[in-house]
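Q: Quick check, what structure comes out for this input:
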Amino acid sequence: MSLLAREESPSRIKKGETLDGGQLIQIIDYDGDIVGDIDAWMKRQNLADVGFNYNVITILGSQSSGKSSLMNALFKCNFQVMDHVHGHSQTTKGIWLGRDGISAASNAPPCLVVDVEGIDSRERGEDRQTFEHRSALFALALTDCLCINVWYHSLGNFTASGYGLLKTVMEVNLELFAQDKNTPRTLLLFAVRDWAEVMTPLEVVKEKIAREYVERIWNEIKKPAAYENSTPYDLFDFQVFGLAHKFMNPEQFDRDVAALREMWRTSLRPPRYSRHVPADGFARYATSIWEVIKEQEQLNIPNQKEMLAIYRCQEIKTSVLSSLAGEVSATQAKVQQGQMDEGAFSQWLQRVATAALAEYMEHASRYQSDVCRRVKGELLEGLTSTVQPVVDGLLSRARDAIANDFLEKLTASLAGRLVLDAWSTYNDSSAELLRDAQQRFLAAARACNADLPDGSHIAFSTELVLDGMTHMLTKDIETVRDKQQVQLVGLLQTTCDGKLIGVADSLSSRGFTPLKFWEICRSKAASAAGDCFSMFFNAHRGLSSQDGTEGSDESRKVEFEIQCRVLALTQLRKQIENVVANLHVLILDRFQTFFSYDEEDQPRQWESLSPEQLQKIFVEAKEQALVLLPTFTCMRLHPLSVATPTLVPASAPRGPGVPSSPSSASEFFETSVLSESEKCELTPFLPARFFSDLLDALQTQATHQKTLRQMQQMCRDAQMLQQGRAAVSWRSVPLWGWLVLLALGWNELAALLHFVTGNWILLPFFLLTVVAVAAAVFTGNVGVVLASFNHFVLLAKTVAVPVAKQILIKALNAVEPQPAAARPARSAREISASALGGAKAPETISR
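A: All right, here's what the predicted structure looks like:
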């Protein structure tokens, strides 16, 4: 909540007075005296009895940088803020203490918020350094979290970015650690104001602050011998958070504040007060700390002339920079509308900077020359910081155009070429495109610089934008790389699948054994992995991220070999799962091989086999078929390793004649399961699904029962065929039965043979019948004999009928001789008719 409309001004507030219904209290006044009764205030706020269940956060930063506004928005406080109608001036004087407005409503642990006046206030003049050192030491002694408020556009500047303040903070914190090694680490939170993701990613800003501020200052300050080898992160916890512009983008600012509040609540805030001071002793502790700081501080006040020079030069510099605001805004509008390019901006900047320096030197040259020169440099820094948003707009346009062109070229480098060739050169082509994009961006950035007539050179900080662009382009490279790697993995899987085709072809063969089958699977997987490596390694190397370390190519080769083996084993698992899905069909097919066909793959003649033989064949075929069930309960590849081309550990060779090879199927089933140590070793490479069972107990039992019922039905069908044939077969008659039959029917048999052999007409038919019966007896195939006999009868009929007709005509002519001239010749049809008529005459007479 802003207090722009508050009637009280800072100058009218009485010392030690509270504001906002007692929520805020001034504890240190402008003169550095303790003026507030902290103990009474904490009792009124019901804070004296919370023990260690509270926290303290302090904010430091430049004057009028929005410190109080940030604390108000973040913790629902009501610190006084600047009235923008009256321009920049000091609002917060001294040190104020407030309670957050969140904990009371949410029953959360309370948080004390300390608001310190701006470190570079014009009003303090030469006393500002003294107060800065005291307030920094006071804050570090009390606070859990020290928030440094800094503008994004001031990063890289000495004064506006709070570089001196941060140096002071780190120096005084080192003093505290030197006095007491048990001093808890303070959370150093940088609140980067007026920041946006489109300008620079937050990670890049964080890295810049860490490298160019925290670590650089640590290297500059003088450290005791005990801390020569320490790092700033031994004394601080370091965090950076970006916030949007409060007035230009208020909605995003509110969202950023809400995100920071949630981060403070969930991760940043310590679970209890890190200084280990109970709440009822906090007032006394804070008071005694300030008194010690004020009494023991050794002030180093510059001489009056130097301070006067600094004050006046700073005032002139501020006036000059303020006069440029309107012209900078107009130029920024032109850039946003695309009406100004880098060259035109450089000419404008040269003109504006030359005029600003001339105005400054006109008044500041009367004071000390060294101070004048130093503040002149600050003026150029301030001018650069003021114009930096315009440059960011120009470079953002250049960055977007370069990024779009980069992505098009990167995509085009993969099109119109063989995919393996394109992949093998991806790293080189993408790196070349990235270097070209960076050179184009740097050229655009150099075009924005300006050389001034006095020899000064204005150059803008482009590292953040360049790093952001590089990060974005690298992300595009990685995105395209990831897509291509997915396609490469798809090709690897397809290749492995092609090499693993036919893995189940041997399941129905008589030579199948579980050991041979799984060795074939291992061999096919190893062969598939080797083929994938030889075919796709160059493509994989081209698509791999470059780490630049020695031996990386060799390690990449080993990693890809393992990847190919893992893929081959994974695809083998899928092939085996497909086999298991149709396992009942394969079991029945294997049963059919052993049950319905003999060792020479000839169909069995059930009629020629005894029931005992049938039962034996059924039992053997069933055992041979059901051996597939334990074969496929799990992946039986023990011993297994992805570190060797054969997928067999070097310490455990496998092969014919090796003593460790199992001698039976049962022994193989006991020794082929992967051990727990193997699973632990292979878990980082193979998915967990690889180690799961292919068939659980219920599935195994169901498949067993289903296939057993069908095998039993096939056996019953064979038994019915066998029994039906036996009911009418002469084979069931014993030998003594045939002898009795021959003795009893000998007379009849002799008469029949005498009649047949004495009749030359019936003799051929008799001989034919004897041959047919003999064939049926010796072959056992009655159907073939009957078919042959039918063909013979048809052939005999075709030949015998014409001959019989001729014989009949001759016989009739011999019985009734007539002169040839008196009787016309009759046709064969008439002779047949008369013969038939003559045969019917006796029948007619008898009637």
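Q: Can you mark which positions in the helix or strand containing Ile520 are buried?
A: Assigned by DSSP states H and E, Ile520 belongs to helix 514-543. Within helix 514-543, the residues that count as buried by 16 or more other CB atoms under 10 Å are 514-515, 517-522, 524-533, 536-537, 539-543. In short, each C-beta sits where N, CA and C put it, glycine included.
Q: Packing partners of that helix?
A: Under the contact definition 3 or more CB pairs under 8 Å, 6 or more residues apart in numbering; DSSP states H and E, helix 514-543 sits against helix 419-424, helix 426-447, helix 463-499, helix 552-581, helix 628-631, helix 665-671.
Q: Quickly compare the ones you listed and say which is most buried.
A: Burial of the helices and strands packed on helix 514-543 is given as mean neighbour count (mean count of other CB atoms under 10 Å); helix 628-631 ranks first at a mean of 21.
Q: Just say helix, strand or coil for Gln63.
A: coil (DSSP: H, G, I helix; E, B strand; the rest coil).
Q: Apart from its chain neighbours, what residue comes closest to it?
A: Spatially, and ignoring its direct neighbours in sequence, Gln63 is nearest to Gly118 (2.6 Å; CB to CB, 6 or more residues apart in numbering).
Q: Now name the helix or strand holding the one you found.
A: Assigned by DSSP H and E, Gly118 belongs to neither a helix nor a strand.
Q: I'd like the distance between Leu146 and Asn78.
A: From Leu146 over to Asn78 the distance is 22 Å, taken as CB to CB, to the nearest Å.
Q: hang on, the earlier thing: any chance of the backbone angles for the residue nearest to Gln63?
A: Here is the backbone geometry of Gly118 (degrees, to the nearest 10): phi -60, psi 140.
Q: tell me, how many neighbours does it end up with?
A: If you count neighbours by other CB atoms under 10 Å, Gly118 ends up with 25.
Q: Quick check, central residue of the protein?
A: By CA atoms, centre = their mean, the chain has its centre lying nearest to Asp482, at 10.0 Å.
Q: Kindly check the end-to-end length of stretch 679-690 for me.
A: 10 Å (CA to CA, to the nearest Å).
Q: quick one: low-confidence ranges for the stretch 551-700 of the chain?
A: 551, 652-663 (pLDDT under 70).
Q: Am I right that the residue nearest to Gln63 is in contact with Thr92?
A: Yes - taking CB atoms under 8 Å as the definition, Gly118 is a contact partner of Thr92 at 7.1 Å.
Q: hey, what's in contact with both of those two?
A: Common neighbours of Gly118 and Thr92, using CB atoms under 8 Å, 6 or more residues apart in numbering, are Lys67.
Q: how about stretch 620-633: buried residues?
A: Buried, per 16+ other CB under 10 Å, within stretch 620-633: 621-622, 624-633.
Q: Most widely separated two among those?
A: Ala621 and Thr633 (21.2 Å; CB to CB).
Q: quick revisit: next, the angle helix 552-581 makes with the helix holding Ile520.
A: Per axes from the mean of the first three to the mean of the last three CA atoms, to 10 degrees, the angle that helix 514-543 makes with helix 552-581 is 140 degrees.
Q: So what's the gap between helix 514-543 and the chain middle?
A: Computed by CA atoms, centre = their mean, to the nearest Å, the separation of helix 514-543 from the middle of its chain amounts to 24 Å.
Q: and what of stretch 69-80?
A: Taking mean C-alpha positions (CA atoms, centre = their mean), stretch 69-80 and its chain are 42 Å apart.
Q: Ok, stretch 45-53 next?
A: So, by CA atoms, centre = their mean, the centroid of stretch 45-53 is 47 Å from its chain's centroid.
Q: With just CA atoms, put it into CSV.
A: The C-alpha coordinates for stretch 45-53 follow below in CSV (Å, rounded to 0.1, in the frame of the first residue of the first chain):
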residue,chain,number,x,y,z
GLN,A,45,2.6,-6.1,19.0
ASN,A,46,2.3,-9.3,21.0
LEU,A,47,5.8,-10.3,20.0
ALA,A,48,7.4,-10.6,23.3
ASP,A,49,6.2,-14.2,24.0
VAL,A,50,7.0,-15.9,20.6
GLY,A,51,10.4,-17.2,21.7
PHE,A,52,12.6,-17.9,18.8
ASN,A,53,9.7,-18.2,16.4
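Q: For that stretch, which outside residues touch it?
A: Counting by CB under 8 Å, 6+ apart, 22-23, 39, 42, 54, 99, 109-110, 112, 272-273, 276-280 sit against stretch 45-53.
Q: Show only the entries of these found in strands.
A: Those of those mapping onto strands are 99, 112, per DSSP state E.
Q: Can you pick out the most distant pair from the contacts of stretch 45-53?
A: Taking CB to CB, no two of the contacts of stretch 45-53 sit farther apart than Gly22 and His276, at 27.4 Å.
Q: contacting residues for Glu449?
A: You called it Glu, but residue 449 is Asn. Neighbouring residues of Asn449 by CB under 8 Å, 6+ apart: 346, 457-460.
Q: Now do the helix or strand containing Glu378 against helix 463-499, angle only.
A: In this structure, Glu378 sits in helix 369-412 according to DSSP H and E. Here helix 369-412 runs at an angle of 20 degrees relative to helix 463-499 (the same axes, to 10 degrees).
Q: same question for helix 369-412, mean pLDDT?
A: Helix 369-412 comes out with an average pLDDT of 87.
Q: and that helix, how far out from the chain's middle?
A: On CA atoms, centre = their mean, the centre of helix 369-412 falls 37 Å from the chain's centre.
Q: Report the backbone C-alpha coordinates of the helix or strand harbouring Thr354 in CSV.
A: Using DSSP H and E, Thr354 sits in helix 342-364. This file holds the C-alpha atoms of helix 342-364, laid out as CSV (Å, rounded to 0.1, in the frame of the first residue of the first chain):
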residue,chain,number,x,y,z
GLU,A,342,22.3,1.6,-34.5
GLY,A,343,24.2,4.2,-36.7
ALA,A,344,21.6,7.0,-36.1
PHE,A,345,21.6,6.2,-32.3
SER,A,346,25.4,6.5,-32.2
GLN,A,347,25.3,9.9,-33.8
TRP,A,348,22.5,11.1,-31.4
LEU,A,349,24.5,9.8,-28.4
GLN,A,350,27.6,11.6,-29.4
ARG,A,351,25.8,14.9,-29.7
VAL,A,352,23.9,14.5,-26.4
ALA,A,353,27.0,13.3,-24.4
THR,A,354,29.1,16.1,-25.8
ALA,A,355,26.6,18.7,-24.7
ALA,A,356,26.2,17.1,-21.2
LEU,A,357,29.9,17.0,-20.6
ALA,A,358,30.3,20.6,-21.7
GLU,A,359,27.5,21.7,-19.2
TYR,A,360,29.1,19.7,-16.4
MET,A,361,32.6,21.0,-16.9
GLU,A,362,31.4,24.6,-17.1
HIS,A,363,30.5,24.4,-13.4
ALA,A,364,32.4,21.5,-11.9
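Q: What are the buried residues along it?
A: Result for helix 342-364 [16+ other CB under 10 Å]: buried residues 342, 345-346, 348-350, 352-353, 356-357, 360, 364.
Q: just checking, what packs against it?
A: Going by 3+ CB pairs under 8 Å, 6+ apart, helix 342-364 lies up against helix 304-323, helix 325-336, helix 369-412, helix 426-447, strand 450-451.
Q: report the angle between the axes of the fourth one and helix 369-412?
A: Meaning helix 426-447. Using the same axes, to 10 degrees, helix 426-447 lies at 140 degrees relative to helix 369-412.
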